[in-house]
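In: let's see this in three dimensions:
(3 chains)
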Amino acid sequence: MPELPDVEVFRKYFDETALHQKIDHVWVDPGMLEGISKELLTELLVGDAFENSRRHGKHLFAALGKGGWLTFHFGMTGFLKYYKADADQPGHVRMRVSFSNGHHLAFDNQRKFGRIRHTADPRTFITEMDLGPDALSGELTQDIFIRRLLSKRGALKAILMNQSVIAGIGNVYADEILFQAKLHPKKTIADLDDKTFERLYLMMRQVLQEAIDAEADPEKMPSGFLLKTRGTNGACPCGGKMEKISVSGRNGYFCPKCQK
DNA sequence: ACATTGACCTGAGAGC
DNA sequence: TGCTCTCAGGTCAATG
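Out: Got it, this is the predicted structure:
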């Protein structure tokens, strides 16, 4: 789930619920933490409040009033839930921040692939994690996009999913972008001409933006979106049959007629 | 140096 | 119903 559009939806949710509220208590599964102890994390949070948020690729940043940022990475199964009653607590909570207003913010992460870290500021974090520009940011112009792709070999889909090239695209949206751009996932950069790069860039931005507009909910996405019927053998609008394909170890779907 | 594969966790859902 | 097996939207260390 948590690729760029999903994390952007989480960020908005976080803004609408958890900002500007005094933190009374923190509970965390230490296995989720990296580079910070649960004692230090607790000390930093209790008595403070989240005052701001940002997103870069699949990472969510939460600014603390005293300075410093908490960072969330959701892995394959993570999400946030703001709730009051115990009955509304989700099933695999790995961190819980309790506010003085009686509500809690849970970081749920069934498979423990998510990570919570602390950083002085997002810029530093992005450098340290070797993340490329965010796929939707103004920073990633078409020229920069092309230049970054040109430095890579291997399958196009793998490059789109490489977070150090561009941050934010995972398995599902890589499939969607390639489908909309009518490109075969195993094409290489050397196969692409200028026109094709342009189309790919345009479709990447369009798919991600439309997914956010649909609140990352497949049911609300435009009818032409592949991911609405992902994995259910949904037909391509051309009438052809979607095929399963493995690219750099990840399973995906494409239309062999439309994506040459 | 770069690209690709397997291991990491856990549980939902398919298949029997 | 209940059991087993397969697979999942991500990343990184190990391998080629």
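
In: residues near the residue of the stretch 101-250 of chain A found nearest DNA strand C, how many?
Out: Distance from DNA strand C to each residue of the stretch 101-250 of chain A (C-beta to the nearest atom of the strand) is smallest for A:Gly170, at 1.8 Å. Placement of C-beta: from N, CA and C, glycine included. A count of nearby residues for A:Gly170, using other C-beta atoms under 10 Å, gives 20.

In: gap between the nearest residue to it once chain neighbours are set aside and A:Ile212?
Out: Spatially, and ignoring its direct neighbours in sequence, A:Gly170 is nearest to A:Glu3 (3.9 Å; C-beta to C-beta, 6 or more residues apart in numbering). Remark: distance between A:Glu3 and A:Ile212 (C-beta to C-beta, to the nearest Å) = 11 Å.

In: neighbour count winner among the two?
Out: A:Glu3 (23 against 17).

In: was I right to think the more buried one contacts A:Tyr173?
Out: Yes: contact criterion C-beta atoms under 8 Å: A:Glu3 and A:Tyr173 qualify, at 5.0 Å.

In: residues of chain A that sit close to DNA strand B?
Out: Listed as neighbours of DNA strand B in chain A under the rule C-beta under 7 Å from any atom of the strand: A:91-92, A:110-113, A:152-155, A:158, A:248-249.

In: what's the pLDDT at the residue nearest to A:Gly170?
Out: Note for A:Glu3: predicted pLDDT of 94.

In: quick one: low-confidence parts of the stretch 151-260 of chain A?
Out: Within the stretch 151-260 of chain A, the stretches with pLDDT under 70 are A:231-234.

In: now do the strands in it.
Out: A:243-247, A:250-254 (DSSP state E, counting those that start in this stretch).

In: would you list these in CSV and tack on mean neighbour count?
Out: Shown next, in CSV, are the strands of the stretch 151-260 of chain A (neighbours: other C-beta atoms under 10 Å):
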stretch, mean neighbour count
strand A:243-247, 15
strand A:250-254, 20
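
In: sheet partners, orientation included, of the helix or strand containing A:Phe72?
Out: Applying DSSP states H and E as the criterion places A:Phe72 in strand A:69-73. In the sheet containing strand A:69-73, its partner strands are strand A:59-64 (antiparallel), strand A:115-119 (antiparallel), by DSSP bridges.

In: near DNA strand C, which residues of chain A show up?
Out: Checking chain A against DNA strand C by C-beta under 7 Å from any atom of the strand, the hits are A:1-3, A:6, A:57-58, A:73, A:75-76, A:111, A:113, A:129, A:161, A:163, A:170-172, A:216, A:231, A:249-251.
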